[in-house]
Each structure stands twice: as C-alpha cells, then as structure tokens.
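Peer 1: The following block contains a protein sequence and its predicted model.
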Amino acid sequence: MKNRYLLLPGMILLLSACAPPAAVRPATETPVAPDIPPASAPDLAAASATASKPGQPLARRTDVQAFIREMVTQHGFNARQLQAVFSQAHAQPSIIAAMSKPAEAKPWYAYREIFVNPKRIQGGVAFWQANAAALAEAEQVYGVPAAIVVAIIGVETQYGGNMGKYRVLEALATLAFDYPRRAAYFRKELENFLLMTRAEGIDPLIPRGSYAGAMGYGQFMPGSFQAFAVDFDGDGHRDLWRNPRDAIGSVANYFKKSGWRTGEPVAVPARVSGDRYPELLSRQLSPPKDRVADLQAQGVTPDGQVSGSQRAMLLEYVGRTGPEYWLGFDNFYVITRYNRSQLYALAVYQLSQAISGNVN
C-alpha cells in the first residue's frame, strides 16, 4: 500500500536537507494515552502565563523559534520550511484542558466493561479474520500471539475506528510549549515527530492522533514509532494509520523488544487463604520476583497448571461482588510496558482470550 501522506517531491527535498537514514505509546471512550499525572494549580497557572494568544500561529512564538533553530542546528532541517510548517499550526487549549482533568479512577469491574464487551470482541474477530495472514506472519516472526496484537489494537483504537482527531504536530507543540509539567518530554516527542515525518516523507501537518500525540492503529508516540515501527509489508514506508499490516508488525515488534517470552503464560486467576497473602500483593509495576511455589506456601493457589519455578506477582482487583486475585507473569509485566497500568494489562489479556475463543 502506498503511503497517502507523501509530500510533493520539492517539499521533501527542502525538509530533508542533510536527512539521516530512516530509523529502524495512547483515543477510545477512556483514552489510552501516555501516563501523565494531572496538572496542579501552579502548573495550570504557568501554562496560562506562557500560552499562545488565541489564533496566533506557533511560528510567532519566541520559544518555537528557538526550537526551530535547534532542529536546524542539530538535525539539519531547512529553517524556511519549518517556519512554513509552524506558521500553519496553532496551540490547542482544549488539549491542555484534556490533560489537566484528573483521571477518573474506575474499579476493575467498571474498567473491564469498557474494553471486554460484545462489541469489542466481535470487532476483534472481524479484524483478525480480515488480517489473518499478517497476524500469522507477525506471530511467526516476533513470537507474539495474534490475540494479544489484536487486543492491543482493539483497546487502543477500536481496530482503527478511532485514531484521534488532533493534528499530531499541534498536540505535541501545545504540550511542549504550554504544559510545563511535562514540557521536556513532549518537546522530545515533537523532535521525534519531525524526524519521523522527514524520514517517512510525510507532511507534518497531516497526521492526526490523540490529544497527547499518540498515533495510528496502536497509538504509538513518535519516540515509540522511531524505536519499534516496522515496514511489515515491504513497501518502503511505515504507515501505522492506513496500513494494518504495518501496524500489526509494529505492535508485535514492540512486545518482542519489550521482552515478550514466547509460549509462556500471561496471567491466571488465583485463590488466597490465611493472613500472609496481603503483604505479597504487587502494587508496583515491576517484573515478578516471587516463585509460584513460594506464593503457594503462603496461601496463594493458582487456578491452572503453572510451574512452581515460574516467577509471578500477586494482583488484587475490585470485582463487582468482591476482590479478584490473579497471578501475573513476565508477559503480564510486558503488557504494562505498553501502558503502565495493571487494569490495562488484565483488560488486554481478557479481551485477547475472548477474541481468540470466538475466532473460527
């Protein structure tokens, strides 16, 4: 599939002066974006003080001009072309408002219903059937189950149905220059975005994504695109917006490079007894360190066949009728590398199981 974002040849040459070779993370009902704490009152005051005047092109700002000079000096961009790009871009106050709203803490049973439901399961089955060859190839190449890849894309964008409405350039620039709390992070992502669009021959004003700048089927941030996106169909472009084959390969590559262990389990339900298990509960997002046999000796019983030498973490979730307990293994931890949430990881796993069980 040809990349539909290609620039006119003359514009590519201007943006690509001294360009290096192309290099070899989250919008749903509950947006799955990078884990960014809500802004405090001082953060909002600082943002208000530095924000653009309404309607003012970003190119008129001194901080944006300084950024342009850095891109020219450090990466060989064409200054006039970057001036033209930022002259057509504006800060988006609605993005600051979205970032500044405290995240609504949902209990597990409510969070699960958002992502593990008949619509999302049926959509996953249809996506799998439509892309069976690419999913099978990705599983063979990267060792990541097709069900996990499909579930990630289902949770992130409803199988490409909702990739976000904001210009990625404007989302990243707004957060880089008007959101002091994470300005350094988003400034780096804006840099990565411009490097990415130059390497891929994409007009930087065209790609759209989430309010945090996450892009495509899998909602990759630009830095993740640079590190993990692959040209899985061999057409010379990494297109995560319109090419599900590239998106599938890229998500699988993300998991492979994040430490996915082929053939190993993700999670199993567990039962607890006695008074020692509470101190075993994992509240931090870190690799599992306890052996299953040691957990069993302290009152934790897995509901399933699990090796006693397997490393696991004990997880507790708020169920509708009481607490639920699970054992999460190394592959569970790998899912949290995609989005740093135990709720997210279990939702992805359960959705993957539900989809897999309905694929003919």
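Peer 2: Thanks, I have it. Computed from a prediction, not measured in an experiment: that's the story for all the values here.

Peer 1: surely Ile248 meets Phe232?
Peer 2: Yes: in this structure, Ile248 is within contact of Phe232 by Cβ atoms under 8 Å, at 6.6 Å. Backbone N, C-alpha and C define where each C-beta goes, glycine included.

Peer 1: what residues do these two have in common as contacts?
Peer 2: Counting by Cβ atoms under 8 Å, 6 or more residues apart in numbering, the common neighbours of Ile248 and Phe232 are 134, 138.

Peer 1: Looking at these two now, which is surrounded by more residues?
Peer 2: For Ile248 versus Phe232, neighbours defined as other Cβ atoms under 10 Å are more numerous around Ile248 (32 against 23).

Peer 1: The more buried one: what's it in contact with?
Peer 2: 131, 134-135, 138, 149, 153, 217, 232 are the contacts of Ile248 under Cβ under 8 Å, 6+ apart.

Peer 1: ditto for Tyr325
Peer 2: 269-272, 300, 314-317.

Peer 1: do Ala79 as well
Peer 2: Taking Cβ under 8 Å, 6+ apart, one finds 68-69, 72 in contact with Ala79.

Peer 1: Please spell out which residues along the longest strand along the chain are buried.
Peer 2: Longest strand in the chain, counting residues (DSSP state E): strand 311-318. Neighbour-count burial for strand 311-318 flags 311-317 (criterion: 16 or more other Cβ atoms under 10 Å).

Peer 1: chain center to it, what's the gap?
Peer 2: 23 Å (Cα atoms, centre = their mean, to the nearest Å).

Peer 1: Identify each buried residue in whichever helix or strand comes after it, please.
Peer 2: Sequence-wise, the next helix or strand downstream of strand 311-318 (DSSP states H and E) is strand 323-328. By 16+ other Cβ under 10 Å, the buried positions in strand 323-328 come out as 324-328.

Peer 1: between these, which is nearest Leu172?
Peer 2: Distance to Leu172, by Cβ to Cβ, is smallest for Gly328 among the buried residues of strand 323-328, at 32.5 Å.

Peer 1: thought Gly274 was touching Gln298?
Peer 2: Yes: assessed by Cβ under 8 Å, Gly274 is found in contact with Gln298 at 7.1 Å.
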